[in-house]
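K.L.:
the following block contains a protein sequence and its predicted model.
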Amino acid sequence: MSKEQQERFARTILNGFESYFAEFQNITLAARSRFESQDWLGMHEAAIQRIDLYKAATTRVLQYVELIAGSQLHDYHFWCGAREIYADLIRGHNNFEIAETFFNSVYCAVFKHRKIRDEYAFVFSPQGDMPAPDVSKVYRVYPLDGDLQTPLRKLLEDYRFNLPYEDVDRDIANIIEVIGSYLAPRFNMRREGMEFQALEHHFFRNKGAYIVGRIVSGPDSMPFVLPILHTENGEVYVDTILFGADKVSVVFSFTRAYFMVDASIPSQYVLFLQQLMPAKPISEIYSSMGYNKHGKTYYYRCAHRHMTNTTDQFIIAPGIKGMVMSVFTMPSYDFVFKIIKDKFTPPKEMTREQVKEKYRLVKRWDRAGRMADTQEFTNLAFARERFSEELIAELHKVAPSLIEEHGKALVIKHVYVERRMTPLNLYLQDATDQQVAAVMDEYGNAIKQLASANIFPGDMLLKNFGVTRHGRVVFYDYDEIVPLMDCNFRQIPPPRDEAEEMASQPWYTVGPNDIFPEEFRLFFSGNQRARKVFDAVHSDIYEVSFWRGLQERIRQGYVEDFFPYRRKLRFNRTRKKQLAGV
């Protein structure tokens, strides 16, 4: 083993990271042009390309380090020295934390996610979790000297595209009206030194561009987001202004596709965003910007600290047990762990690899704000004592091939982690009539928006949907999802005689992709209160014409708008309002 060999090894990994990061940035930088040209399908394809880029980059680097290391590739002492050199190479690097994750990925590719130790990889960072919290370089300042029109006009001018605004005076007037009605009663608008602070680059996703920032008044601040959309005539307009951590958090939700934003030092953006949304995990903010692999690293570090500082046990997650997945959590924790059973409860007929492929599909798809993002772990080690005996028995019963016990450690060979939500069927048990009305409308919207994103959820039982802390309904059972375009929606043919009408089995042929929407009513068989509300607002879901109509729109290349905010918050574009009258 030579120091020179370890140095070449470490430099090769760092060069691979720099190449990956540059290509990531190149894909991201093209988002502005795609937005201006309304290339929505190209935006979606670029998002997938950027997700796939990481695996391709680590695979490419692996070929080179295998040549450099030779027989020492699986020597832990060799990796220990290489890690030390790599740590020196990235000391003071603007993006050292993401570079560490890249090193970890190469290590895990070699050792198949086994024996992950801090001396061989960066389980924890010698430089801390993130660079020093200096965000002053990544936002623009617009002082408010008693006149809202001037700074707002300057802000919109600075963030303009190579496209005209449809009516910038109207947009400014709409913003000022919301500030007056919503913000002024909650915020000191007359304090000296008050200013807008806006992150320097737009956030792009789907068909929207977002200006993200905050209004600062002395020690107080208020987050805001300005969504910019296209008109039918090639102009742009401000669709609304969102205030408050909760509304901004929904924009950056774990249920949505990743943003594209020109952040040469992502941590600065992450730290600014975390100040806007203190309740949102930093791991999710990294992921929301497309750095989902580092989001996974950050999540693991936080999870480790949570386990160290708590004593409660993992238990079987509340709710109806799944046919394919076994789910567990702990009372003090906001996440759940999902493992694929060895044998699926009938009538489920599929393989473990098919289920994993569904999760890969969700990772790369437009989740439309209706499917939970997940982190996938291999050979994840836990303290055996933290598992309840009931849970241990359950895991050994349903997935013995995935469980290994080594002394005080319990290793799960494959597991998904996602944010914990309240299962919809449990939420409905104690819901008021008003809550039932709201959540069943949300449930129908979730189904429709998934379909508009070319996803058919398959099993739409209430237990397969969760309710977030913001009251949104999210789908989280992916084993039966398929692209909507692969479905053949049919009406059940009428029976030709009494024998067919009374038959216990279908009297008609059913193909593997045939779907009969009128049967969807069966999903509510156990909750007539929910069924009555749903039928009043979403009965079109039972109609074949509804589903075929969506398929035709997708076939024609139409890309749906998915708003990360309530439609009632959108501005009235038809109103013409002179600023002088505000």
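P.N.:
Alright, I've got the coordinates.

K.L.:
phi, psi for Thr150 please.
P.N.:
As for Thr150, its main-chain torsions (degrees, to the nearest 10) stand at phi -60, psi -50.

K.L.:
burial count for it?
P.N.:
Using other Cβ atoms under 10 Å, Thr150 has 14 other residues around it. C-beta: built from backbone N, CA, C; applies to glycine.

K.L.:
ok, it to Ile172 distance?
P.N.:
Counting by Cβ to Cβ, to the nearest Å, the gap from Thr150 to Ile172 is 10 Å.

K.L.:
again, but for His230
P.N.:
Distance of His230 to Ile172, computed by Cβ to Cβ: 19 Å.

K.L.:
before we move on, what about Arg570?
P.N.:
With Cβ to Cβ as the criterion, Arg570 and Ile172 are 16 Å apart.

K.L.:
okay, and the residue nearest to Leu155 when sequence neighbours are not counted sits in which element?
P.N.:
In space, and not counting its chain neighbours, Leu155 is closest to Tyr142: 5.2 Å by Cβ to Cβ, 6 or more residues apart in numbering. Per DSSP states H and E, Tyr142 falls inside strand 139-143.

K.L.:
elements contacting that strand?
P.N.:
In terms of contacts (3 or more Cβ pairs under 8 Å, 6 or more residues apart in numbering; DSSP states H and E), strand 139-143 is packed against helix 149-158, strand 195-199.

K.L.:
export only the CA atoms of it, formatted as CSV.
P.N.:
Output of strand 139-143 as CSV, limited to C-alpha atoms (Å, rounded to 0.1, in the frame of the first residue of the first chain):
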residue,chain,number,x,y,z
TYR,A,139,-30.2,37.0,-1.6
ARG,A,140,-31.0,40.4,-2.9
VAL,A,141,-32.3,43.2,-0.7
TYR,A,142,-35.2,45.6,-1.5
PRO,A,143,-35.6,48.2,1.2
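
K.L.:
the helices in the stretch 301-450 of the chain, which residues?
P.N.:
Taking DSSP state H, counting those that start in this stretch to define them, one finds helices in the stretch 301-450 of the chain at 352-364, 389-398, 424-429, 433-452.

K.L.:
now these as TSV including mean pLDDT, distance to Phe314 and mean neighbour count?
P.N.:
As requested, these are exported to TSV (pLDDT from 0 to 100; distance: least, Cβ to Cβ, whole Å; neighbours: other Cβ atoms under 10 Å):
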stretch	mean pLDDT	distance to Phe314	mean neighbour count
helix 352-364	94	21	15
helix 389-398	96	6	15
helix 424-429	94	19	18
helix 433-452	96	28	19
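
K.L.:
wait, which of those helices is closest to Phe337?
P.N.:
helix 389-398 (10.1 Å; Cβ to Cβ).

K.L.:
ok, and what's touching that closest one?
P.N.:
Under the contact criterion Cβ atoms under 8 Å, 6 or more residues apart in numbering, helix 389-398 has outside partners 313-316, 326, 328, 339, 341-343, 384, 387, 402-403, 410, 412.

K.L.:
can you pick out the most distant pair from the residues you listed?
P.N.:
Using Cβ to Cβ, these reach their maximum pairwise distance at Gln313 and Lys343, which is 26.1 Å.

K.L.:
more neighbours: the two, which one.
P.N.:
The residue with more neighbours, out of Gln313 and Lys343, is Gln313; 17 against 10, by other Cβ under 10 Å.

K.L.:
ok, that one to Arg305 distance?
P.N.:
Going from Gln313 to Arg305 by Cβ to Cβ gives 18 Å.

K.L.:
do the same with Tyr565
P.N.:
33 Å.

K.L.:
over to Glu480?
P.N.:
Going from Glu480 to Arg305 by Cβ to Cβ gives 36 Å.

K.L.:
cool, Phe465 as well?
P.N.:
Distance, Phe465 to Arg305, using Cβ to Cβ: 31 Å.

K.L.:
quick one, which of the two is more surrounded?
P.N.:
Phe465 (25 against 11).

K.L.:
which phi and psi does the more buried one have?
P.N.:
Dihedral angles of Phe465 (phi, psi; degrees, to the nearest 10) stand at phi -120, psi 150.

K.L.:
in the protein, where is pLDDT below threshold?
P.N.:
Low-confidence segments of the chain (pLDDT under 70): 1, 189-191, 500-501, 525, 575-582.

K.L.:
now the lengthiest helix in the chain: buried residues?
P.N.:
Using DSSP state H, we find that the single longest helix of the chain is helix 40-69. Residues 40, 43-44, 46-47, 50-51, 53-54, 57-58, 61-62, 64-65, 68-69 are the ones in helix 40-69 that count as buried (16 or more other Cβ atoms under 10 Å).

K.L.:
quick one, that helix and helix 352-364 angle?
P.N.:
Helix 40-69 and helix 352-364 are oriented at 120 degrees to each other (axes from the mean of the first three to the mean of the last three Cα atoms, to 10 degrees).

K.L.:
quick one: helix 40-69 to chain centroid distance?
P.N.:
Put simply, helix 40-69 sits 20 Å off its chain's centre (Cα atoms, centre = their mean, to the nearest Å).

K.L.:
I'd like the next helix or strand past that helix.
P.N.:
Using DSSP H and E, the helix or strand that follows helix 40-69 towards the C-terminus is helix 76-89.

K.L.:
which elements pack onto that next one?
P.N.:
Against helix 76-89 (3+ Cβ pairs under 8 Å, 6+ apart) you get helix 3-29, helix 96-111.

K.L.:
highest mean neighbour count out of the ones you listed?
P.N.:
helix 96-111 (a mean of 22; mean count of other Cβ atoms under 10 Å).

K.L.:
which other residues reach it?
P.N.:
Identification of contacts with helix 96-111 by Cβ under 8 Å, 6+ apart yields 13-14, 16-17, 20-21, 54, 57-59, 61-62, 65, 73-74, 79, 83, 86, 90, 93, 116, 120-123, 125, 127, 129-131, 266-267, 291, 293-294, 296-298, 378.

K.L.:
by how many degrees do it and helix 3-29 diverge?
P.N.:
Calculated by the same axes, to 10 degrees, helix 96-111 forms an angle of 120 degrees with helix 3-29.

K.L.:
tilt between helix 96-111 and helix 76-89?
P.N.:
Using the same axes, to 10 degrees: helix 96-111 against helix 76-89 is 160 degrees.

K.L.:
now helix 96-111, how far from the centre of its chain.
P.N.:
With Cα atoms, centre = their mean, you get 22 Å for helix 96-111.

K.L.:
keeping just the C-alphas, turn that helix into PDB.
P.N.:
Output in PDB follows, covering the C-alpha atoms of helix 96-111 (Å, rounded to 0.1, in the frame of the first residue of the first chain):
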ATOM      1  CA  PHE A  96     -17.600  19.500   1.100                       C
ATOM      2  CA  GLU A  97     -20.800  18.000   2.600                       C
ATOM      3  CA  ILE A  98     -22.100  16.800  -0.800                       C
ATOM      4  CA  ALA A  99     -18.600  15.700  -1.800                       C
ATOM      5  CA  GLU A 100     -18.400  13.500   1.400                       C
ATOM      6  CA  THR A 101     -21.700  11.800   0.400                       C
ATOM      7  CA  PHE A 102     -20.300  11.100  -3.100                       C
ATOM      8  CA  PHE A 103     -17.300   9.400  -1.400                       C
ATOM      9  CA  ASN A 104     -19.700   7.400   0.700                       C
ATOM     10  CA  SER A 105     -21.600   6.300  -2.400                       C
ATOM     11  CA  VAL A 106     -18.500   4.900  -4.000                       C
ATOM     12  CA  TYR A 107     -17.600   3.100  -0.700                       C
ATOM     13  CA  CYS A 108     -21.100   1.600  -0.500                       C
ATOM     14  CA  ALA A 109     -20.900   0.400  -4.100                       C
ATOM     15  CA  VAL A 110     -17.700  -1.500  -3.300                       C
ATOM     16  CA  PHE A 111     -18.800  -3.000   0.000                       C
END
